[in-house]
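Asks: What follows is a protein structure lacking sequence information:
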């Protein structure tokens, strides 16, 4: 039974990490362009240095 | 006139470049700041990774561009640059690649909807997290029933509460706020029983945990919120997508005006124009403000304003309304204020009246709630009193009453309508029909009378040459002149003639016609008087006359062609017992032709916007539920007044915002698709409410009898929600 004292907090922490990262992703606008994200991975970046950061 | 682009046409490389050029000067849409210039465009036709990199790379190659990012999901293209690059070059680069492009004016309603959607998504994620973790603990408690020590159970309940309480308060605030705001005004909506169930479940569970009791409903509370938030989120997302799609269609229409400032011209947005500003209107440009013409002789296509299919001759002193298209010669005009005497202001007032009436519409869900709330709450009250009378303790009686409230959870009821609406609207969306609201489906399904506008709705709004057997040669010769003109009749003639040569030195005389000398012979194409024909009064329909030298003039007759599928749609509607009527502002003979082609006996011509409104009021008084379909400015008021309304994608933006849905594509088949989807959606909603009622008939006796443990509640709640959702997703939508 003492195991519960570890396992429950561990399970909750893992869930919480997932929740926090999801909220972060939503706030960052990661879900604003799902089609674009799927397509961008197919683009060959021959000259990566040309591309300025956001 | 449906000249604006059509998103269902696929890759727009085939779109006429002349059409794109009409979008005119867009430099007024650039936002300038010290860090650089920003421009937002809507790009149409970009579908794949190839499009994405092609567009982004070629714009990035322009001098000074620091960022070019295309959002493939909604077609927004964000461009930032330093230096004096012209916005028109940016747009030109994209359209040269074969994509449709229009300036995008950020819409305040859209950003509000976007933050609302994010709020719902985060609330849903929090509820999901809490539901998953509390359920983990609850399953342990249920499976350990009888073996688990009281101390362990108590700790587990306490942990559940520590997770569920903050999560439920955070995620549930959306429902609490809404419930509170309607309660304060003395009404009730679906959020009232939801809030009550959640708060009571939490309250009882907290006291049970403190007391060390066996049953806590923390899992039920957060699971309820999770299910409901899924429905709310889907609903919000769909509404925003359809709103954005309709907004983009409207953005395709030119919104800039060329203003004369001293001797300089400047392109400005339509909303920057003040009364008295001097405005230049190029041939082919659609007016966005009302003007009094000062200078210039031209012709105007007013089919969107009055429904009139024949161009009107314009001379100084004439008044032109927003929505008309200037056809042949440049015009200079003075903007009229948007004061009370302007046409747009009148229409805006009529729109408001219609909106108010529509907001009083009672949806099926509203009716269900008004039955549900008193029924469930009196049942709970009687349960409490009954158990007290039967000799149960106060605590036990309260527990049973609360479990009754939880188990009759409005979960299935609250999902019943939105899920169906989301599914139906999503399918329509993919077919190019954009719904503006969920209850539009219910209202369209109820309609038993369809009123069509003629010009631009039943017809293409573009004349087509009525062919006779032996005039192909004459058509070819006349087309040599016609190719030099933008007049709609000339263009129709050219379309009939196909490719060919154009005569040199064609002179255009506004209101009369064209003239040129071909091989030493003076050729004229235009009105009857232009060719010296005296018998013009005999017919007023669309016609052109062509003469070579002193030969006898030849007459070309034109007709406003029916949209593909118009006959089928009218026939199908009539077979289903739905009344069909044509209500047009055009001339009686033009309307009569179309009416007889469709064998519609019920038609009215020459109707002003006020006449149209009056006719709709008359139909309403007869108890008919009218579905109005129209595109023009003159239809806007009747669109907002009708029981339900639809507008084609090429309609004026006032008409689009006045209607419940916008359909794209040249054909009218979308109307039937829409009506079919609506009646199916309505049937599914009624089924769902019946399923929810059946569920309650089974669940309530169990709860009243005191057998509802948290386990039973969890199974029953999720079971009913899943059944309702599956029923909405069930196939059968395909019939179109």
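Replies: Looks like it arrived, so ask away. Given the structure is predicted, the values throughout are model-derived calculations rather than measurements.
Asks: what's the distance between residue B:58 and residue B:77?
Replies: Here the distance between residue B:58 and residue B:77 works out to 12 Å (C-beta to C-beta, to the nearest Å). Just so you know, the C-beta spots here come from the backbone N, C-alpha and C atoms, and that holds for glycine as well.
Asks: same question, residue B:580
Replies: The span separating residue B:580 from residue B:77 equals 42 Å under the rule C-beta to C-beta.
Asks: just residue B:192 next, same as before
Replies: 44 Å.
Asks: So between these two, which is more surrounded?
Replies: Taking other C-beta atoms under 10 Å in any protein chain shown, residue B:192 and residue B:77 do not tie; residue B:77 has more neighbours (24 against 21).
Asks: helix or strand right after the helix or strand encompassing that one?
Replies: Secondary-structure element containing residue B:77, defined by DSSP states H and E: strand B:76-81. Sequence-wise, the next helix or strand downstream of strand B:76-81 (DSSP H and E) is helix B:87-96.
Asks: how about that next one, does it get close to chain A?
Replies: No: using C-beta under 8 Å from any C-beta of the partner chain, helix B:87-96 never reaches chain A; the gap is at least 15.9 Å.
Asks: quick check: angle from that helix to strand B:76-81?
Replies: Counting by axes from the mean of the first three to the mean of the last three C-alpha atoms, to 10 degrees, helix B:87-96 lies at 130 degrees to strand B:76-81.
Asks: what packs against helix B:87-96?
Replies: strand B:36-44, helix B:49-60, strand B:76-81, strand B:100-103 (3 or more C-beta pairs under 8 Å, 6 or more residues apart in numbering or on different chains; DSSP states H and E).
Asks: Need the winner for burial among the ones you listed.
Replies: Highest mean neighbour count of these: strand B:100-103, a mean of 26 (counted as mean count of other C-beta atoms under 10 Å in any protein chain shown).
Asks: Which neighbours in the sheet does that one have, and how are they oriented?
Replies: strand B:36-44 (antiparallel) (DSSP bridges).
Asks: Number of residues surrounding residue B:272?
Replies: Residue B:272: 12 neighbours (other C-beta under 10 Å).
Asks: again with residue A:17
Replies: With other C-beta under 10 Å as criterion, residue A:17 counts 10.
Asks: again with residue B:590
Replies: Neighbour number of residue B:590 under other C-beta under 10 Å is 23.
Asks: quick one: contacts for it?
Replies: Taking C-beta atoms under 8 Å, 6 or more residues apart in numbering or on different chains, we find residue B:590 in contact with B:309-310, B:454, B:541, B:560, B:584, B:605.
Asks: Pipe those residues into TSV and attach pLDDT per row.
Replies: Below are these laid out as TSV (pLDDT from 0 to 100):
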residue	pLDDT
B:309	70
B:310	73
B:454	83
B:541	60
B:560	77
B:584	86
B:605	86
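Asks: ranking those residues by neighbours, who comes first?
Replies: residue B:584 leads the contacts of residue B:590 on contacts (other C-beta under 10 Å) with 31 neighbours.
Asks: Identify each buried residue in the lengthiest helix in chain A, please.
Replies: Longest helix in chain A by number of residues, with DSSP state H as the criterion: helix A:2-28. By 16 or more other C-beta atoms under 10 Å in any protein chain shown, the buried positions in helix A:2-28 come out as A:8, A:12, A:15, A:19, A:22-23, A:26.
Asks: Now look at that helix and say if it contacts chain B.
Replies: Yes: if you take C-beta under 8 Å from any C-beta as the test, helix A:2-28 does meet chain B, through A:4, A:8, A:11-12, A:15-16, A:18-19, A:22-23, A:26-27.
Asks: Quick check: of those residues, which lies closest to residue B:634?
Replies: Comparing the residues of helix A:2-28 next to chain B against residue B:634 with C-beta to C-beta places residue A:26 closest, at 44.6 Å.
Asks: Show the pLDDT at the closest one.
Replies: We note a pLDDT of 89 for residue A:26 in this prediction.
Asks: ok, back up a step: and the helices and strands packed on helix B:87-96, which one averages the lowest pLDDT?
Replies: When I compare those, strand B:100-103 is least confident, with a mean of 78.
Asks: quick one on the thing from earlier: just put the helices and strands packed on helix B:87-96 in CSV and tack on distance to residue B:705.
Replies: Listed next are the helices and strands packed on helix B:87-96 as CSV, based on distance: least, C-beta to C-beta, whole Å:
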stretch, distance to residue B:705
strand B:36-44, 60
helix B:49-60, 61
strand B:76-81, 57
strand B:100-103, 64
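Asks: Looking at these, which is nearest to residue B:436?
Replies: strand B:36-44 (18.7 Å).
Asks: before we move on, back to that, taking the contacts of residue B:590 one by one, which sit in strands?
Replies: residue B:560 (DSSP state E).
Asks: Save the contacts of residue B:590 as a markdown table, and put in distance to chain A too.
Replies: Formatted as a markdown table, the contacts of residue B:590 follow (distance: C-beta to the nearest C-beta, whole Å):
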| residue | distance to chain A |
| --- | --- |
| B:309 | 41 |
| B:310 | 45 |
| B:454 | 39 |
| B:541 | 48 |
| B:560 | 39 |
| B:584 | 41 |
| B:605 | 47 |
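Asks: what does chain B have sitting close to chain A?
Replies: Counting by C-beta under 8 Å from any C-beta, chain B sits next to chain A at B:48-49, B:52-53, B:60, B:66-67, B:69-74, B:118, B:121-122, B:125-126, B:129, B:132-133, B:136-137, B:152, B:159, B:163.
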